[in-house]
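Participant: The sequence and its predicted three-dimensional model are supplied below.
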Amino acid sequence: MAGKKVLIVYAHQEPGSFSGSLKDVAVAELSRQGCRVTVSDLYAMDFEPRATRKDITGALSNPGFFSYGMEAYEAYRKKALSSDIVEEQKKLQEADLVIFQFPLYWCSVPAILKGWMDRVLCQGFAFDLPGFFDDGFLKGKLAILSLTTGGTAEMYSETGDRGDFRYFLWPLQHGTLHFCGFRVLAPQISFGPECASEEERRGMVAAWAQRLNSIWEEEPIDCSPPWYFGR
């Protein structure tokens, strides 16, 4: 879709990784469509994952007891957040679609990506109370998790050792993205690329490219317990 803006938040240490290939094909395919694609390569940026006092450039609201959430909220209102947070928030504000590209670590995101979420998606910018879930401040934007796993698809099935993959998506898709108002698309999961054949890996990359070709036509998932837990 010509004119659409896409942000890819990419978290992998190795540019030549399979995750890197998925990121690269997303950039190529979406650019081919006429989208403006921006990549936040968190490791290359040496992005700071720790939420600390350094994120607040002005005076604290309560110097006697540091509450990060409250201070970040006040700092956002006063335009007193650190420049790296502000830069990522600007990218998010401009984006129509946000792709999170990462390898699954302990059924979650790598620490550097978790830190990005902790610091960038602060109260006042991404949500407020009230002002969350369908009323979150990032409503209208699409988000998708594109991730790789170490295990096979069978391991992440209802009868597999890890259980249904939708279980670990609940805190990421519903508790974070949907909470901030994103319209969440079904995840793109590349199962076990390290133990797959070269032909199978090429198939995974091709499947991602094919999906991206019609990504703007997709409907978001129903972010509710029945979608994740089948009840």
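Facilitator: Thanks, I have it. Note that the coordinates shown come from a computational prediction; the quantities given were computed from them, not determined experimentally.

Participant: quick one, strands of this protein?
Facilitator: For the chain, strands defined by DSSP state E occupy the ranges 5-10, 36-41, 97-103, 142-148, 183-184, 188-190.

Participant: The shortest one - what's its average pLDDT?
Facilitator: Yep, that's strand 183-184 we're talking about. The average pLDDT within strand 183-184 is 98.

Participant: what's near enough to touch the residue nearest the centre of the chain?
Facilitator: For the chain, residue 100 is the residue whose C-alpha lies nearest the centre (CA atoms, centre = their mean; 3.6 Å). By CB atoms under 8 Å, 6 or more residues apart in numbering, residue 100 lies in contact with 8, 9, 11, 109, 113, 143, 144, 145, 146, 147. Yep, even glycine has a C-beta here, placed from its N, CA and C like the rest.

Participant: Which single one of these is nearest to residue 223?
Facilitator: residue 143 (10.6 Å; CB to CB).

Participant: Contact partners for the closest residue to residue 220 other than its chain neighbours?
Facilitator: Closest residue in space to residue 220, ignoring its immediate chain neighbours: residue 183 at 4.0 Å, by CB to CB, 6 or more residues apart in numbering. By CB under 8 Å, 6+ apart, the contact set of residue 183 is 139, 140, 141, 142, 143, 220.

Participant: Extract the C-alpha set from stretch 194-210 and format it as PDB.
Facilitator: This file holds the C-alpha atoms of stretch 194-210, laid out as PDB (Å, rounded to 0.1, in the frame of the first residue of the first chain):
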ATOM      1  CA  GLU A 194      17.800 -24.000  13.100                       C
ATOM      2  CA  CYS A 195      16.700 -27.700  12.900                       C
ATOM      3  CA  ALA A 196      15.000 -27.200   9.500                       C
ATOM      4  CA  SER A 197      16.400 -28.000   6.100                       C
ATOM      5  CA  GLU A 198      17.600 -25.300   3.800                       C
ATOM      6  CA  GLU A 199      14.500 -25.900   1.600                       C
ATOM      7  CA  GLU A 200      12.200 -25.600   4.600                       C
ATOM      8  CA  ARG A 201      13.900 -22.300   5.700                       C
ATOM      9  CA  ARG A 202      13.500 -20.900   2.200                       C
ATOM     10  CA  GLY A 203       9.800 -21.900   2.400                       C
ATOM     11  CA  MET A 204       9.400 -20.000   5.700                       C
ATOM     12  CA  VAL A 205      10.900 -16.800   4.200                       C
ATOM     13  CA  ALA A 206       8.800 -17.200   1.100                       C
ATOM     14  CA  ALA A 207       5.600 -17.700   3.200                       C
ATOM     15  CA  TRP A 208       6.400 -14.400   5.100                       C
ATOM     16  CA  ALA A 209       7.000 -12.500   1.900                       C
ATOM     17  CA  GLN A 210       3.700 -13.800   0.500                       C
END
